[in-house]
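In: one predicted model, sequence on top.
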Amino acid sequence: MSDIFGTSRPRPEPSGVDRRRRVLVPTLVTLAVLLFLGSIFTSVWTDQLWFASVDYSGVFRTILITRVGLFLVMGLVFALFVVGNIHVAWRLRPETVPMRRDDPAFRYRQTLSPILRPVLIVLGLVLTAFAGSVAASHWETFQMWRKSTPFGVNDPHFGRDASFFVFDYPWLRFLTSYSFAAVVISVIAVAFISYVFGGIRLAGRGPRFSRAAQIHLSVLLGLGVLLRAVSYYLDRFGLAIGDSALFDGIGFTDANARIPAKNILIVVAIVCALLLFAAAFIRSWVLPAISLGLLLLTSILIGSIWPFVMQSFQVKPSEPDKEGPYIARNIEATRGAYDIADTKVESYTAKTTLNRSELTQSAESRVSTRLLDPTLIAPAFEQLQQVRGYYTVPDTLDVDRYQYRDGEQPQDIIIAARELNLAGLQESQRNWANDHTVYTHGYGIIAAQGNQRGPQGEPVWVEKDIPPTGELELKQPPRIYFGENSPTYSIVGQPEGRNPIEVDIPRGGESASDDTANATQNTYDGTGGVPVGNIFTKALYAFKFAEPNIVLSSRVNSASKILYDRHPRDRVEKVAPWLTVDGDTYPAVVDGKVVWIVDAYTTSNSYPYSEHRSLREATDDTLTQGQAQAALPRDQVNYMRNSVKAVVDAYDGSVKLYQWDTKDPVLKTWMKVFPGVVEPKSAIKEPLLEHLRYPVDMFKVQRDVLREYHVTDAQTFYEGGERWKVPEDPAGQQSSLQPPYFLSVATPGEGAPETPQFSLTTVYLPNSRQNLASFMAVNSEATSEAYGTMRILQLPSETQVPGPSQIANQFSSDRGVTQALLQFRQSDAEVQNGNLLTLPVGGGLLYVQPVYIRRSAAEGTYPVLQFVAASFGEDVGFGQTLDEALRVALGLEPGSVPEEGGESGGGGGGGEAAKTPSEFLADASDSYNEAQDALKEGDLATYQRKINEMNDSIENAQKALEE
């Protein structure tokens with residue numbers, strides 16, 4: 001540039017701001033890249049250290065090698081295919097191209113030509129990263145295909161083993177989609193490059209192709225159509241695992257229209273691909289265009305219209321007959337896939353009366369009813385056994401069974417681990433050192449009898465206090481370093497000779513500000529945790545947890561270990577990511593040690609003909625909605641097995657996986673992928689076996705499936721009149737389902753044991769009513785040969801046994817119950833109804849509900865088991881024990897009902913008709929006063945009897961007035 005005199009002006013120097021900007025942008029980009037790479041390195045390296053600490057390095061290596069291998073191989077193949085096609089299109093460009101500056105292609109060419117090589121390199125890297133990441137995310141699908149195990153069950157239409165659908169089909173479908181995506185991107189990229197460099201010119205009546213561009217695009221389009229033929233081939237098998245409004249799997253229209261249509265489309269697609277390949281020798285695009293049009297028209301006419309016409313005019317008018325055989329296949333496959341094929345459905349006529357001897361025999365020998373409600377009793381455990389504010393128990397406790405003495409029957413107990421709760425510390429105590437180096441673990445187990453109450457309604461302890469005392473025979477200090485409420489991470493360990501700093505056993509005063517002074521100290525000496533003695537590892541974990549104190553603090557020393565990922569579910573999911581973990585983890589005392597028992601499942605969504613279920617929806621109930629139990633993922637599955645029992649040591653965090661379902665092909669496949677990771681079932685020792693139980697979430701899914709699939713007749717299934725539903729929880733939130741309950745109960749039926757068995761139970765209602773349809777229980781004693789045996793007691797349709805909601809209303813509206821609870825409600829106490837249990841007793845169905853009282857005005861209060869409500873038939877009983885409540889409900893208490901065959905007692909009688917209304921009212925007043933006296937003395941049986949007499953006297957007074 002020159003001035004007005006023609007003298008050239010000096011070029012202005014860039015300003016300081018511009019220079020700084022030009023330096024700052026690359027610096028920020030570099031830092032971002034380094035931060036990203038550093039986070040990846042930190043994640044991978046710390047994972048490697050963690051897996052080594054739990055002795056599962058083989059799992060980490062297998063997963064890492066598989067993912068990296070798929071990333072590199074599949075990503076590079078994808079990128080090289082696309083970039084290679086772009087390079088070929090550029091090499092085959094016309095040597096001379098018209099130079100029209102108004103042509104957009106000219107401007108693109110001018111811009112792209114100088115930078116084409118770096119653009120291709122960047123594009124290749126981006127495609128490798130993107131496609132490689134997609135492929136790496138399918139590492140499980142790849143490994144299952146590579147190590148597949150036969151099921152030994154052939155699908156009824158294609159005759160292929162179910163393993164083809166579960167293991168092979170998903171991987172083949174992924175490869176087809178992956179390849180088709182590469183072809184589509186290549187077609188677009190080649191068309192663009194050909195346009196920019198003159199291979200395709202847009203002029204006149206339409207685009208004009210160079211010979212090289214035509215051949216190149218014809219071949220790519222032919223490959224795409226061939227892949228579409230492969231997709232049509234796989235679509236046929238996809239119908240076997242597809243879903244429809246009526247049932248999942250192949251139906252009449254699928255078998256007679258859609259599958260034949262797919263076969264025709266395969267042939268048409270192959271012919272179209274050959275015609276596209278022929279375009280490499282024929283200059284015209286007429287044949288390829290005709291072929292693509294033919295494929296499109298055929299897919300519409302044969303692939304869509306033909307099945308629609310058949311479904312509408314041939315199947316719908318006779319749907320039960322046409323679909324009957326296919327419904328039968330769906331029923332058989334679904335029951336097999338969810339392991340409910342052997343469920344026993346038995347007719348059960350529930351009677352509503354028992355005499356005294358029947359009551360005694362049934363109540364004492366056939367049921368051991370758990371009265372403590374695990375969802376309500378947690379505050380009592382915490383207030384009576386918390387010891388310090390920094391200890392806690394879960395909001396919902398667990399149910400297990402223990403045999404305290406040889407020769408005795410195992411007893412149901414409510415159990416919880418006393419875990420650490422940092423939120424219980426005072427604010428002045430909360431700092432990094434205390435949170436992560438001082439308060440590191442919980443201590444001990446709290447357990448109470450499930451079917452007993454103390455004199456004041458408190459739990460009857462089986463295990464209590466610190467140090468622990470009780471019946472569970474803990475053989476070592478039960479420190480809980482790994483649990484459901486453990487801190488995010490703790491740093492433990494001290495060099496030999498240095499004083500311990502971890503708070504261990506609380507002693508002395510109750511001052512929260514003096515917790516460390518009033519406690520013994522301990523140093524963790526377990527094998528768990530990752531050593532962080534060197535500066536490199538410290539720096540990695542400081543970066544991982546964004547905490548510089550891990551590097552700076554003197555409490556992180558040469559002997560230190562870091563404990564993290566401490567929840568038992570998280571640990572199992574991490575060492576076995578191919579498993580779905582149950583939401584209900586529970587503690588147990590095994591060989592004197594505290595361990596966590598975790599049930600785990602193998603699942604699939606590709607089992608032929610089986611009905612799909614959402615894990616989240618099938619397991620949703622009051623407990624998951626209230627977050628008392630972890631919710632399962634929203635995965636859609638149609639095959640499920642409780643294949644693995646996992647055990648996590650509460651002290652050292654070690655994880656053991658045991659094979660449970662020895663026939664499951666999915667587990668066998670994963671055992672091939674990760675040899676030695678899952679120990680054989682024979683390795684489970686008897687002390688552990690005694691505490692294994694039927695998994696809750698598995699039972700919920702099976703319960704959800706059996707709502708419909710308890711029916712095995714195709715015609716009845718189609719009609720839908722026998723479908724059931726799970727009742728809503730009377731004590732839960734609106735629309736939340738009642739959870740299943742663990743009980744020791746003897747289920748009637750042929751071959752059923754006479755002694756109570758630890759079971760998981762539930763009930764069903766008819767779809768449109770609230771009365772009971774059936775009772776279901778599964779044997780949950782792992783030591784029993786009958787473990788896993790499901791029994792459904794189905795009530796006759798003409799029997800009107802009330803359902804849970806009706807019984808809850810009956811309890812709440814009963815005059816005897818309301819009178820007994822009136823004094824508590826008037827004193828501002830809170831009445832809490834416990835879990836409403838349903839039990840088969842004496843040829844009938846018994847409802848039992850514990851009633852808790854909690855004072856709402858004072859701090860530190862907890863629910864007290866005050867009463868028990870029971871119903872057998874139409875009458876309600878209320879007492880301080882189940883026996884009292886039963887006898888009142890059945891009218892077997894002295895004075896309420898005479899002996900069998902006698903006259904009516906209580907308020908009735910032959911001579912009472914001659915009384916005047918005022919005399920009846922006087923009797924009612926006397927009965928009321930006597931009832932209140934009995935209530936004050938805690939004699940609920942007499943109280944109930946007198947209330948009944950009062951009601952009878954009032955009714956007699958009304959009758960006398962009418963006369």
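Out: Done, it's in. Residues are numbered from 1 along each chain as shown.

In: distance of Leu706 from Met790?
Out: 8 Å (CB to CB, to the nearest Å). (C-beta placed from N, C-alpha, C; glycine too.)

In: need the overlap of contacts for those two.
Out: Here Leu706 and Met790 have 340, 343, 776 as joint contacts, going by CB atoms under 8 Å, 6 or more residues apart in numbering.

In: inside strands: which ones of these?
Out: Judged by DSSP state E, strands contain the following of the shared contacts of Leu706 and Met790: Met776.

In: quick one: buried ones out of the shared contacts of Leu706 and Met790?
Out: Among the shared contacts of Leu706 and Met790, the ones that count as buried by 16 or more other CB atoms under 10 Å are 340, 343, 776.

In: does the second one touch Val705 like I think?
Out: No - with contacts defined as CB atoms under 8 Å, Thr343 does not count as touching Val705, sitting 10.0 Å away.

In: give me the nearest residue to Leu202, chain neighbours excluded.
Out: Spatial nearest neighbour of Leu202, excluding adjacent residues (CB to CB, 6 or more residues apart in numbering): Tyr195 at 7.5 Å.

In: now that neighbour: how far from Gly583?
Out: For Tyr195, the distance to Gly583 equals 56 Å [CB to CB].

In: repeat for Ser318
Out: Taking CB to CB, one finds Ser318 at 44 Å from Gly583.

In: quick one: contacts for Gly457?
Out: The contact partners of Gly457, by CB under 8 Å, 6+ apart, come to 852-853, 864-866.

In: redo that, cut-off 10 Å
Out: Contacts for Gly457 (CB atoms under 10 Å, 6 or more residues apart in numbering) come out as 380, 850-853, 863-867, 880.

In: show the buried residues in those.
Out: Buried among the contacts of Gly457 by 16+ other CB under 10 Å: 380, 850-853, 863-867, 880.

In: quick one: which of those residues sit in helices?
Out: Among the buried ones among the contacts of Gly457, DSSP state H puts Ala380 in helices.

In: ok, back up a step: take the buried ones among the shared contacts of Leu706 and Met790 and write them to CSV, including distance to Val532 and pLDDT.
Out: Putting those into CSV (distance: CB to CB, whole Å; pLDDT from 0 to 100) gives the following:
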residue, distance to Val532, pLDDT
Ile340, 49, 96
Thr343, 52, 93
Met776, 51, 94
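
In: adding distance to Val572, write those residues out as TSV.
Out: As requested, those are exported to TSV (distance: CB to CB, whole Å):
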residue	distance to Val572
Ile340	25
Thr343	28
Met776	28
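
In: any weak-confidence spans in the stretch 501-650 of the chain?
Out: Within the stretch 501-650 of the chain, the stretches with pLDDT under 70 are 507-518.

In: what are the ranges of the strands in it?
Out: 502-506, 519-522, 530-531, 561-564, 580-581, 586-590, 593-604, 613-614, 636-637, 639-649 (DSSP state E, counting those that start in this stretch).

In: quickly run through the sheet partners of the third one, with directions.
Out: Which is strand 530-531. Take DSSP bridges as the rule and strand 530-531 pairs in its sheet with strand 561-564 (antiparallel).

In: may I have the strand it pairs with exported as PDB, CA atoms only?
Out: What follows is strand 561-564, C-alpha atoms only, in PDB (Å, rounded to 0.1, in the frame of the first residue of the first chain):
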ATOM      1  CA  LYS A 561      -3.800 -46.800  51.300                       C
ATOM      2  CA  ILE A 562      -6.700 -45.200  49.700                       C
ATOM      3  CA  LEU A 563     -10.100 -46.900  49.900                       C
ATOM      4  CA  TYR A 564     -12.800 -45.900  47.400                       C
END
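
In: distance between it and the chain's centre?
Out: 27 Å (CA atoms, centre = their mean, to the nearest Å).

In: coming back round to it: the contacts of Gly457 in strands, which ones?
Out: Those of the contacts of Gly457 lying in strands (DSSP E): 850-853, 864-867.

In: in a markdown table: the contacts of Gly457, plus pLDDT.
Out: Below are the contacts of Gly457 laid out as a markdown table (pLDDT from 0 to 100):
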| residue | pLDDT |
| --- | --- |
| Ala380 | 91 |
| Pro850 | 91 |
| Val851 | 91 |
| Tyr852 | 91 |
| Ile853 | 89 |
| Pro863 | 88 |
| Val864 | 89 |
| Leu865 | 89 |
| Gln866 | 87 |
| Phe867 | 88 |
| Gln880 | 81 |
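
In: ok, the residues you listed vs Gly242, which is closest?
Out: The closest of the contacts of Gly457 to Gly242 turns out to be Pro850 (CB to CB; 47.3 Å).

In: might one say that that closest one is in contact with Ile414?
Out: No - if you go by CB atoms under 10 Å, Pro850 and Ile414 don't touch, sitting 11.8 Å apart.

In: joint contacts of the two?
Out: Residues touching both Pro850 and Ile414 by CB under 10 Å, 6+ apart: 370-373, 377.
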